[in-house]
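Asker: can't give you the sequence, but here's the structure:
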């Protein structure tokens, strides 16, 4: 490996990025740097200008000019920081969130079009090579940040990942047998074959280009009820608030979809998940011992009243 090797790769990758044509194909009024600022604000809603400048390695004057333009366009609001009055907080307005969402959608379409030119059998190699570059030449973070996690809709292969990771993790952590994998496979297959996107949804939590968590919202048999299913967070991604974000996204969706309540069934051994449910207002309504998945367990039914006033 020589300096020239890296410089040659940089020229190649710059051409790849240039082929995406951010100004024309993503969001014409904004440059690539302005788009990066919008993206960071959308995924780290509680930040201030100093943190934003450090995260993006931007000149203070340059960032100020960008934020001034965004404020004039009604995309951001600035005010005193809640934690340090010497700093200025920056938050997206509703139009700002819409602009960031449109940017993200068009970026996915643009990158997806480029990925379509890669043979399916070459994609795992490409993904692994990109992870290797990031790991070796990364910025030295000791640990990922919560804002590095993105919630997205499932891509091809993600539903299979949900089955595989549920089976593997619950076997490793709780000794559950293949009966649980069969249950998860049925749930996922039913969703894949027939679900109403207006009333049912799956979220994938992504970190550094790989899935690290998931949750599903499906219609329950009871009228007006949604059911939370298959909440999962990978062990190496725990502590980033992913479970909270997944459940929060599901509750917001259920409320907007017009559901009256959200229900779920879990087991008492899943203590971390139960803490998340309780934080979001779920209440334990029933529990019953049972023998399932090769283990003696206590099943629990939880319920969240979406019309209740938060206490």
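Answerer: Thanks, I have the structure now. Computed from a prediction, not measured in an experiment: that's the story for all the values here.

Asker: and stretch 289-300, which residues are buried?
Answerer: Under the neighbour-count criterion of 16 or more other CB atoms under 10 Å, stretch 289-300 has 293, 295, 297, 300 buried. To be clear about C-beta, it is placed using only N, CA and C from the backbone, and glycine gets the same treatment.

Asker: Could you point out the helix or strand that follows the helix or strand containing residue 169?
Answerer: Per DSSP states H and E: residue 169 is located in helix 158-174. The helix or strand immediately downstream of helix 158-174 is helix 178-193, counting by DSSP H and E.

Asker: what's downstream of that next one, the next helix or strand?
Answerer: Downstream of helix 178-193 (by DSSP H and E), the next one is strand 201-207.

Asker: What helices and strands are in contact with that next one?
Answerer: Counting contacts by 3 or more CB pairs under 8 Å, 6 or more residues apart in numbering; DSSP states H and E, strand 201-207 packs against strand 150-152, helix 158-174, strand 210-219, helix 242-256.

Asker: mind showing which ranges of the stretch 201-311 of the chain have poor pLDDT?
Answerer: Confidence mapping of the stretch 201-311 of the chain against pLDDT under 70 gives the ranges 309-311.

Asker: 50 instead, please
Answerer: Within the stretch 201-311 of the chain, the stretches with pLDDT under 50 are 311.

Asker: cool, the stretch 1-150 of the chain as well?
Answerer: Within the stretch 1-150 of the chain, the ranges that satisfy pLDDT under 50 run 23, 27, 142.

Asker: Helices along that one, start to end?
Answerer: Ranges of helices in the stretch 1-150 of the chain, per DSSP state H, counting those that start in this stretch, are 3-20, 22-25, 32-43, 49-56, 60-72, 94-115, 123-136.

Asker: Residue 276: neighbouring residues, count only.
Answerer: 20 (other CB atoms under 10 Å).

Asker: Tell me how far it lies from residue 200.
Answerer: 21 Å (CB to CB, to the nearest Å).

Asker: now residue 185
Answerer: 18 Å.

Asker: same thing with residue 5?
Answerer: Applying CB to CB to residue 5 and residue 200 gives a distance of 49 Å.

Asker: Next: residue 191.
Answerer: 7 Å.

Asker: Could you pull up phi and psi at the residue nearest to residue 297 when sequence neighbours are not counted?
Answerer: Closest residue in space to residue 297, ignoring its immediate chain neighbours: residue 267 at 4.6 Å, by CB to CB, 6 or more residues apart in numbering. Per-residue torsions, residue 267: phi -130, psi 150 (degrees, to the nearest 10).

Asker: How about the contacts made by residue 267?
Answerer: Neighbour list for residue 267: 297, 298, 299, 300 [criterion: CB atoms under 8 Å, 6 or more residues apart in numbering].

Asker: would you list these in a markdown table and tack on secondary structure and distance to residue 163?
Answerer: Formatted as a markdown table, those follow (DSSP: H, G, I helix; E, B strand; the rest coil; distance: CB to CB, whole Å):
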| residue | secondary structure | distance to residue 163 |
| --- | --- | --- |
| 297 | strand | 20 |
| 298 | strand | 25 |
| 299 | strand | 21 |
| 300 | strand | 23 |
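
Asker: ok so, going back, of all the helices and strands packed on strand 201-207, which gets the most neighbours per residue?
Answerer: strand 210-219 (a mean of 21; mean count of other CB atoms under 10 Å).

Asker: after that strand, next one along is what?
Answerer: strand 225-233.

Asker: What helices and strands are in contact with that following strand?
Answerer: helix 158-174, helix 178-193, strand 210-219, helix 242-256, strand 261-267.

Asker: How about residues contacting it?
Answerer: Looking at what lies outside strand 225-233 - CB under 8 Å, 6+ apart - the contacts are 162, 165-166, 169, 184, 187-188, 199, 205, 212-220, 242-243, 246-247, 250, 254, 257, 259-264, 273, 276.
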